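Enquirer: One predicted model, sequence on top.
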Amino acid sequence: MNPDLSLPPVAAPYQLPFHYGALHQIGLDYLTDPGPARKLLAERHPALTLAEFDGRACLTLNYQLYFAQYAGGGGVTQEIEVSLVAYPTAQADRLAGLSYRQYAHGLDQTKLLGIARLHVLCDNPIAIEAGTKLFGEPKYPAAFEVTMPSLNGPAGETWAIRCATPEGAPLLSFTAALDGLPHTPVNSAPVTGYGTDQIGRALAGPMNVYHPYRYVELDEDTTGRVGLSVHDPASEVGADLTELLGSAPAVAAWSYQSAPVGAHNHPYYLRG
């Protein structure tokens, strides 16, 4: 233990850990050319090294819809994280050599293989401020239109996420039609999220999810079930996605949806 190494301060009025009341999440993974990814990571997070799986980088993006309860009421937030899988350079000797599939199934017990955030697009001003101040996230405003699986219907396992500027100009969108595809429960949490604060200090913040993710492995026959479109390649997030993705197909989708805590049932007639 290093007595000279203090924890990052928690900016008022926030307190940690941040507790999620409910979470709905869909993620997509792409194995891509490591050259552009390595260069971008060095610019944004110089304390990190790009993880490579059989010579490929892993670009990952995920959409989250989450609810949090506060003393004064509740808040709902939507966001998309665009990240590269990476690890702290100074701790490289602790990592086992893993394949992408092993990583995706949660076999990295060190949890050093985490997500180095490049862009976090979010529709909640409080979450933007908290993510920036507490975790060094590159977080900025966006707006969302979403179709997602719901017990309130209609039936299905298709996600459609559309992200725009706060003024409504389209930025990116993606779909994941997972209906009928086999899935595996994977214990990949806690997921370590990496950030770099405004004075260049590297931050690591684990996020626990108290239930396995649903992992869907995609192949030549099923990768077409997932589609990602960049609508504004001149935007910061659009330019990075265009450079990093190339023509790489999605190799996996993973999702999590909080279980319901109650149900309001069908009414019935009373006898007169």
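Expert: Looks like it arrived, so ask away. Just so we're clear, the structure is a prediction, and the values are computed from it rather than from any experiment.
Enquirer: what residue ranges in the stretch 1-150 of the chain score low on pLDDT?
Expert: Residues of the stretch 1-150 of the chain that meet the criterion pLDDT under 70 lie in 1-4.
Enquirer: try 80
Expert: By pLDDT under 80, the low-scoring segments of the stretch 1-150 of the chain are 1-5.
Enquirer: Now do the strands in the stretch 151-272 of the chain.
Expert: 158-164, 170-177, 184-186, 191-196, 202-207, 213-217, 226-230, 250-257 (DSSP state E, counting those that start in this stretch).
Enquirer: closest one to Phe67 among those?
Expert: With C-beta to C-beta as the criterion, Phe67 lies closest to strand 250-257 of the strands of the stretch 151-272 of the chain, at 12.2 Å. C-beta: built from backbone N, CA, C; applies to glycine.
Enquirer: between the one helix or strand His24 maps to and strand 226-230, how many degrees?
Expert: Using DSSP states H and E, His24 sits within strand 22-32. Using axes from the mean of the first three to the mean of the last three C-alpha atoms, to 10 degrees, the direction of strand 22-32 lies 80 degrees away from that of strand 226-230.
Enquirer: Show me which positions of strand 22-32 end up buried.
Expert: Applying a neighbour-count criterion of 16 or more other C-beta atoms under 10 Å, one finds Leu23, His24, Gln25, Ile26, Gly27, Leu28, Asp29, Tyr30, Leu31, Thr32 buried in strand 22-32.
Enquirer: Just the buried positions in the helix or strand that that strand is followed by, please.
Expert: Using DSSP H and E, the helix or strand that directly follows strand 22-32 along the chain is helix 34-44. Of all the residues in helix 34-44, those buried under the rule 16+ other C-beta under 10 Å are Pro34, Pro36, Ala37, Leu40, Leu41, Arg44.
Enquirer: Give me the residues contacting helix 34-44.
Expert: With C-beta atoms under 8 Å, 6 or more residues apart in numbering as the test, helix 34-44 has contacts from 48-50, 52, 55-57, 59, 84, 86, 116, 118, 138, 196, 240, 243-244.
Enquirer: Then stretch 245-265?
Expert: So stretch 245-265 is contacted by 20, 22-33, 59, 100, 104, 149, 151, 159, 176, 178, 186, 188, 209, 211, 213-218, 223, 226, 228 (C-beta under 8 Å, 6+ apart).
Enquirer: first vs last residue of it, how far apart are they?
Expert: 46 Å (C-alpha to C-alpha, to the nearest Å).
Enquirer: burial measure for Glu220, as a count.
Expert: 7 (other C-beta atoms under 10 Å).
Enquirer: repeat for Pro267
Expert: Neighbours of Pro267 under the rule other C-beta under 10 Å: 6.
Enquirer: now Val186
Expert: Counted with other C-beta under 10 Å, residues neighbouring Val186 total 16.
Enquirer: Do I have it right that it meets His105?
Expert: Yes. Here Val186 reaches His105: they are 4.8 Å apart, a contact under C-beta atoms under 8 Å.
Enquirer: quick one: common contacting residues for the two?
Expert: Tyr215.
Enquirer: Which strand residues bridge the residue nearest to the spatial centre of the chain?
Expert: Central residue of the chain (C-alpha atoms, centre = their mean): Asn62, 3.5 Å from the mean position. Taking DSSP bridges as the rule, Asn62 bridges to Gly27, Glu81.
Enquirer: who's in contact with it?
Expert: Residues near Asn62 by C-beta under 8 Å, 6+ apart: Gln25, Ile26, Gly27, Leu28, Ile80, Glu81.
Enquirer: Ok, Ala169 next?
Expert: Asp232.
Enquirer: again, but for Arg94
Expert: By C-beta under 8 Å, 6+ apart, the contact set of Arg94 is Thr110, Leu112.
Enquirer: and Thr89, how many residues sit next to it?
Expert: Neighbour tally, Thr89, other C-beta under 10 Å: 13.
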